[in-house]
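Visitor: I would like the atomic coordinates for the input below:
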Amino acid sequence: MTRQPGKDAMRHGALDRLRFIDAQLFWEARINRADLIEAFAISQAQAALDFRAYLELSGHGVVYDTRVKSYVTTDAYEPAFPKADGRQELIKFAAAGDPLTATLPRLERPLNAGIAARVRRAARDSERLLIDYQSFTRPDASRRWIAPARLINDGERWHSRAWCFERCEWRDFVLARILAVRAEELAGDLPVDVDWEDMVDVRLLPASHLSPSQQESVEREFAMTDGCLVVRLPRAMLIYAKRRWGLDRPGARLEVGA
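Guide: Numbering: from 1, shown residues only. Sure, this is the predicted structure:
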């Protein structure tokens, strides 16, 4: 016997379809029943009900154009749902093979999932690990004990923020450079990670070497308020933020204010 979905599931499915209609109208300015039927494998009757529900929800700004046999937007159109993040939506278009969008290929950094999982569990269980680590500054891998506290992504690669028993300090270890985990045991009491606990407000400003019109452009691009964008992050991540945002490069469009 086939189990019928509950009312909550049906409501959730209907909401997904209404959001789909809304997104298609926002990005493409038109949609027809076939688009909805293909995307959700529903019947003609259900598609008709969904469009009727959407038109009641949207209020105005959507009409049916008999020439293209589609619902199209007018100048009065306003999305029925909050606007999505434009950057994320364009990334989705590119990933789906949309011929109108393209992204620069990422230089993937291989990451051993087993080691990543083991480091994460060590952080969860307050353990320390004996690892083989290939430092960028040493010709050969070294063996050391570390006590992971958390995993951090700097926008390009994953690190583990961990106490290093060799250096007796909190350091960041690139997960891809951990070659093997040799042993584990309880870490015991560790010093407070002051650089992680200390939150700093980074005030980002248009670079002072830019012209006034260029500075105004940067303000709009980053949605600055009163010519400033404030980002709050742990002090330990400040070095990655400066590198990721290009603050350490000549000709940068942003600079850190006082």
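
Visitor: where in this structure is pLDDT low?
Guide: Within the chain, the set of residues satisfying pLDDT under 70 comprises 1-10.

Visitor: Centre-most residue in it?
Guide: The centroid of the chain falls nearest to residue 88 when counting by CA atoms, centre = their mean (8.0 Å).

Visitor: Output the longest helix along the chain in CSV with nothing but the alpha carbons.
Guide: The single longest helix within the chain, with elements called by DSSP state H, is helix 7-28. What follows is helix 7-28 as a C-alpha-only set of coordinates in CSV (Å, rounded to 0.1, in the frame of the first residue of the first chain):
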residue,chain,number,x,y,z
LYS,A,7,-0.2,17.7,4.9
ASP,A,8,3.1,19.3,6.0
ALA,A,9,5.0,17.5,3.2
MET,A,10,2.4,18.5,0.7
ARG,A,11,2.6,22.1,1.9
HIS,A,12,6.4,22.0,1.7
GLY,A,13,6.2,20.7,-1.9
ALA,A,14,3.7,23.3,-3.0
LEU,A,15,5.9,26.0,-1.5
ASP,A,16,8.9,24.7,-3.4
ARG,A,17,6.9,24.9,-6.6
LEU,A,18,5.8,28.5,-5.9
ARG,A,19,9.4,29.5,-5.2
PHE,A,20,10.4,27.9,-8.5
ILE,A,21,7.7,29.9,-10.4
ASP,A,22,8.9,33.1,-8.6
ALA,A,23,12.6,32.4,-9.4
GLN,A,24,11.8,31.7,-13.1
LEU,A,25,9.8,34.9,-13.4
PHE,A,26,12.6,36.9,-11.7
TRP,A,27,15.5,35.6,-13.8
GLU,A,28,13.8,34.7,-17.1
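
Visitor: strands paired with the next helix or strand after that helix, and their directions?
Guide: Scanning forward in sequence from helix 7-28 by DSSP states H and E, the next helix or strand is strand 30-31. Under the criterion DSSP bridges, strand 30-31 sits next to strand 70-73 (antiparallel) in its sheet.

Visitor: circling back: relative to residue 249, how far out is the residue nearest to the centre of the chain?
Guide: In this structure, residue 88 and residue 249 are separated by 26 Å, where distance is defined by CB to CB, to the nearest Å. Bear in mind the C-beta positions are built from the backbone N, C-alpha and C, glycine included.

Visitor: do the same with residue 70
Guide: Remark: distance between residue 70 and residue 249 (CB to CB) = 47 Å.

Visitor: Looking at those two now, which is surrounded by more residues?
Guide: Neighbour totals were compared for residue 70 and residue 249, and residue 70 leads with 18 against 10 (other CB atoms under 10 Å).

Visitor: That's all I had, so thanks and see you.
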